[in-house]
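Visitor: Dropping the sequence and predicted coords here.
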Amino acid sequence: MFGTQINLSVVRKLVQLGMFIFMVYGASIVGFYAADKISNALPALACAYDAETADYCTLIPFQHQMGHRVGRVIAAGGDVLQAFVPFFITLITFLGMFVLLNKAFCGWVCPLGFFQEVVTMFGQKLGLNKTESLDESLVKRIRPIKWIMLSVLVFGLPILSGIGFVSHDLGDPFCKICPSRILTTLATGSSDQLYVDTSTPTFMTLSIIGDFIFGLMIALALTIRQPFCRICPMLALHAVFKKIGLVRLIKNGKPRCEKCGLCAKACPMDIREIHTDMEHSNVLFADCTLCGRCVEFCPDKDVLQMKYAMFPIISADPQYFKRRKKAQTTWEKVNLFGRYCNQTNKSER
């Protein structure tokens, strides 16, 4: 369609669509009991508030374990090490899955990441001015936010809530503001999570922040690639363990790389280090989602590669680059308003 051929990006979109359907509606496929027992430690933002989800993300049990187990044991002066046992079990389950796909859980599996990409495509087809790349200084200011979200909202406040230093309403603060909670429940036809909770001042504040983030994410995604992914605590959690994953992004830098920069331009997360780093072969940086676009848009043979363990998945290739670039140019020319206007003009004639 529109002259677009099958390529890595098309395959990824199909996989994302399949995973979105499974993650959001999967309990209808495997049954509610099985879905509730699969792992409960998914390395992607599928939400437990979605009653039909096939599995839910590890950030939910982490918050509950920090608040209801670790924090309360610390407050009572009990055995803290024993209190961490459920956390370690969840972490081991998370790592068991994470090793298989590494950060590709973000770029290929996460329902929220797929939704943002769909919104961006929709904005592009509406003819909105797309922000190709964010300013480098802005990117550097944004990057620490995901670490703050992970340390404060997923671990810090829940522990303090369990100890009693802060309100028990802060036992799972990230879930209260996570846009995936609103997205996945809306996708199942429920608007229960798109509301302002007035039961307590804390819940009201968190629900307002959550609704605002969800709306802002949609508005930004119309012109900016992956706006929430840039601050997602799951991305930070992935970055902690990225060296143990089997999927790798490898660079064999050449002198031409210094003048090219097409890989960085293609990156939806604005990781300019893919272009500038000429010293390291492993260029799986903290913000990378392993979408593979940098490999697709590298014009030099085998400079960039995605590998599974030692086996290449896709390697940069000049011929593939030419076909991919042509397909991308054709796709970007398609404009819904332009097509509508052309059809209107033809009918008037």
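Guide: Great, that's in hand.
Visitor: what comes up buried for the lengthiest helix in the chain?
Guide: Scanning the chain for the longest helix, with DSSP state H as the assignment, gives helix 201-221. Neighbour-count burial for helix 201-221, with 16 or more other C-beta atoms under 10 Å as criterion, is recorded at 202-203, 206-207, 210-211, 213-214, 217-218, 220-221. C-beta here means a position set from N, CA and C on the backbone, and glycine is covered the same way.
Visitor: Just list what the helix or strand hosting residue 20 packs against, helices and strands only.
Guide: Under the criterion of DSSP states H and E, residue 20 resides in helix 8-25. Using 3 or more C-beta pairs under 8 Å, 6 or more residues apart in numbering; DSSP states H and E as the contact criterion, the elements in contact with helix 8-25 are helix 111-125, helix 179-187, helix 293-296.
Visitor: Burial-wise, tell me which of those helices comes out on top.
Guide: Of all these, helix 293-296 carries the top mean neighbour count, a mean of 26, counting by mean count of other C-beta atoms under 10 Å.
Visitor: related to what we said a few turns ago, now the angle between helix 179-187 and the longest helix of the chain, please.
Guide: 80 degrees (axes from the mean of the first three to the mean of the last three C-alpha atoms, to 10 degrees).
Visitor: by contact count, what packs against the helix or strand just after helix 201-221?
Guide: Of the helices and strands lying after helix 201-221 in sequence (DSSP H and E), the nearest is helix 233-241. Applying 3+ C-beta pairs under 8 Å, 6+ apart, we find helix 233-241 packed against helix 59-64, helix 85-101, helix 144-148.
Visitor: Quick one: closest of those helices to residue 196.
Guide: The closest of the helices and strands packed on helix 233-241 to residue 196 is helix 59-64. By C-beta to C-beta, the value is 21.3 Å.
Visitor: can you give me how far the closest one is from the chain middle?
Guide: 18 Å (C-alpha atoms, centre = their mean, to the nearest Å).
Visitor: Distance from the helix or strand following it to the middle of the chain?
Guide: Using DSSP H and E, the helix or strand that follows helix 59-64 in sequence is helix 72-76. How far helix 72-76 lies from its chain's middle: 34 Å, per C-alpha atoms, centre = their mean.
Visitor: which helices and strands sit right next to helix 72-76?
Guide: Using 3+ C-beta pairs under 8 Å, 6+ apart, helix 72-76 sits against helix 80-83, helix 157-163.
Visitor: Can you tell me which of these is most buried?
Guide: Greatest average neighbour count among those goes to helix 157-163 (a mean of 23), per mean count of other C-beta under 10 Å.
Visitor: got the CA coordinates for that one in PDB?
Guide: Coordinates of each C-alpha in helix 157-163 appear next as PDB, following Å, rounded to 0.1, in the frame of the first residue of the first chain:
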ATOM      1  CA  LEU A 157       7.500   6.700  48.200                       C
ATOM      2  CA  PRO A 158       6.100   3.200  48.500                       C
ATOM      3  CA  ILE A 159       8.700   2.300  51.100                       C
ATOM      4  CA  LEU A 160       8.200   5.600  53.000                       C
ATOM      5  CA  SER A 161       4.400   4.900  52.800                       C
ATOM      6  CA  GLY A 162       4.900   1.500  54.400                       C
ATOM      7  CA  ILE A 163       7.100   2.900  57.100                       C
END
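Visitor: Could you confirm residue 193 falls within a strand?
Guide: No: assessed with DSSP: H, G, I helix; E, B strand; the rest coil, residue 193 is coil; it does not lie in a strand.
Visitor: quick one: it and residue 176, what's the gap?
Guide: 10 Å (C-beta to C-beta, to the nearest Å).
Visitor: tally of neighbours for residue 332?
Guide: 12 (other C-beta atoms under 10 Å).
Visitor: can you give me the angle the helix holding residue 20 makes with helix 111-125?
Guide: 130 degrees.
Visitor: And helix 8-25, what's buried?
Guide: 8-9, 12, 16, 19-20, 22-25.
Visitor: Can you name the residues that contact the nearest residue to residue 104 once chain neighbours are set aside?
Guide: Once flanking residues are discounted, residue 104 sits nearest to residue 290: 4.1 Å by C-beta to C-beta, 6 or more residues apart in numbering. Applying C-beta atoms under 8 Å, 6 or more residues apart in numbering to residue 290 gives the contacts 101-104, 106-108, 247, 249, 284, 306.
Visitor: Next step: those residues restricted to helices.
Guide: Using DSSP H, the contacts of residue 290 in helices are 101, 104.
Visitor: which one of the contacts of residue 290 sits closest to residue 233?
Guide: residue 106 (11.7 Å).
Visitor: What's the local residue count around the closest one?
Guide: 26.
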